[in-house]
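Chemist: 3D, please:
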Amino acid sequence: MFNLDSFKANYLSLTLKEKTFVGLIVLDLLLLLFLGRAYTKSAFYPNLYCHDVVLLITFLFSLTFKSDFRVKAIEIVGLISLIYLGISIIFKFHPEGNLYIYLRQFMVFGYLIQSYFIFKAVAGLKNGLQILVQIIAAIAILATILQLGYIFYIFFDIDANPFSRRNYFSPLTVPSVITATALGLVFLKRYKKIGVFLLLLITSFSFGHDSAYLAVIIVLFFYFFISASLKIKILVSTFAILSCIGLWFFVASFTDGNADARLFYWNKLLTKITENFSIMYGNGFGIPYLSADVAKQANDFVLVFKKPESIYLVPPHNSFITMLYHLGGWVLLLFYPIRRIFYGAQPVKNNLLKFLLLSLVGVSIWASFNVILELPHSSTYFWLIYFTLAFYLYKINIDDKKNHYK
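Modeler: Modelled structure (predicted):
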């Protein structure tokens, strides 16, 4: 788990330039955690926000570092997304050539590209991977403490039920608590493990999103899954499938207007890109997600498309479908850097690998039901987890090759 002395020792071992760089990353995450939308929506310049400026400065700073960590699959995805953006602008995919629409849609890849170079630079520092893991854990623990304090504040000071509506301290709190679940399951023992998991599960109900507590539960299932033999994996998988079916039929919020609107949206979008084969090569940027007529049908479930431009600015509440819509099959390259975790049926015994894998599973569930990677509020934290896992697997692969040739 997070050790303050270890983080301090790793941080103090860096040069002044490296300390400043890591400090910028930590500052950005802390501002996202403590200020939330007040930070991401505070305008530095028209259509340019404070978080955008800090992230851009950190990205440019990262380019001054050399790193042995390189993931070509991510670089290909980033390059193709930039080419698609250029083509979309040149050929005016948006009828009015609105640059804001192009950039807003592109940022689902823009945050990925910036995060790749930022965390690649950190991974190349002395004890860089340890620093990345410690940042993930520290934010997870701090977010949990803040959310628990917020729950007590709502209950005692406001005299309201903290579980009756959406009550999260900031958008980053949700994926951080999901990550804290993975942290507790992997590194705590017996009764502490059970107690912390139950506490975090209860905490997840305060977020007012079914996908939040669903992610926490799936992290638990996956914890047993990756630690088990093949027979147990089959039993856990069967139980998980039956549990999902039970949630669908017996939990009303899984079949309410919001859920129906999501399913309708996903169905229409996936049908569209399958029928025109753009699921293979993508659609670029500056184009509507749905037609105006289909958007009106979606509004019959719940009001989602409030303005005419919403068909360009409201993605399908599944970040991975959004990426697939824009770039097509190229997004499958995201699996390549973490392909090693899918090899074989043996249990995962490395605790650090287990923690990163469980964290990625949890935040991916969260991103599969919400607009996460398209927006600045918590996308950086998602990519922090993803790239830390990818770079850790990269390091394992390099170490294995070195040992093989000894």
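Chemist: helix/strand/coil for Lys231?
Modeler: Three-state call for Lys231 (DSSP: H, G, I helix; E, B strand; the rest coil): helix.
Chemist: count of neighbours near it?
Modeler: Residues lying near Lys231 (other CB atoms under 10 Å) number 8. Yep, even glycine has a C-beta here, placed from its N, CA and C like the rest.
Chemist: for it, give its distance to Ser237.
Modeler: 11 Å (CB to CB, to the nearest Å).
Chemist: what does Phe369 give?
Modeler: 21 Å.
Chemist: residues in contact with the residue lying closest to Asp68 once chain neighbours are set aside?
Modeler: Nearest residue to Asp68 in three dimensions, chain neighbours excluded: Gly124, at 5.9 Å (CB to CB, 6 or more residues apart in numbering). Applying CB atoms under 8 Å, 6 or more residues apart in numbering to Gly124 gives the contacts Phe65, Lys66, Ser67, Asp68, Phe69.
Chemist: now the buried members of those.
Modeler: Phe65, Ser67, Phe69 (16 or more other CB atoms under 10 Å).
Chemist: okay, the residue nearest to the second one when sequence neighbours are not counted: pLDDT?
Modeler: When you say that, I think you mean Ser67. Spatially, and ignoring its direct neighbours in sequence, Ser67 is nearest to Gly124 (2.8 Å; CB to CB, 6+ apart). Looking at Gly124, its pLDDT reads 93.
Chemist: do Leu327 as well
Modeler: Looking at Leu327, the pLDDT reads 98.
Chemist: okay, now it: neighbour count?
Modeler: 23.
Chemist: so what's the residue nearest to it when sequence neighbours are not counted up against?
Modeler: With sequence-adjacent residues excluded and distances taken as CB to CB, 6+ apart, Leu327 is closest to Gly282, at 4.2 Å. Applying CB under 8 Å, 6+ apart, we find Gly282 in contact with Tyr84, Leu324, Tyr325, His326, Leu327, Gly328, Gly329, Trp330.
Chemist: surely the third one is in contact with Asn283?
Modeler: Going back to what we said before, that points to Tyr325. Yes: between Tyr325 and Asn283 a contact is recorded at 5.9 Å, counting by CB atoms under 8 Å.
Chemist: pLDDT of stretch 339-350, averaged?
Modeler: 69.
Chemist: ends of that stretch, how far apart?
Modeler: This stretch, stretch 339-350, spans 16 Å end to end (CA to CA, to the nearest Å).
Chemist: could you report the neighbour count for Tyr150?
Modeler: 18.
Chemist: all helices of the stretch 101-250 of the chain, in order?
Modeler: 128-152, 173-187, 190-205, 210-226, 230-250 (DSSP state H, counting those that start in this stretch).
Chemist: deepest in the core, which of those helices is it.
Modeler: Of all the helices of the stretch 101-250 of the chain, helix 173-187 has the most neighbours on average by mean count of other CB atoms under 10 Å, namely a mean of 27.
Chemist: that one - contacts with which helices or strands?
Modeler: helix 128-152, helix 190-205, helix 210-226, helix 351-367, helix 379-404 (3 or more CB pairs under 8 Å, 6 or more residues apart in numbering; DSSP states H and E).
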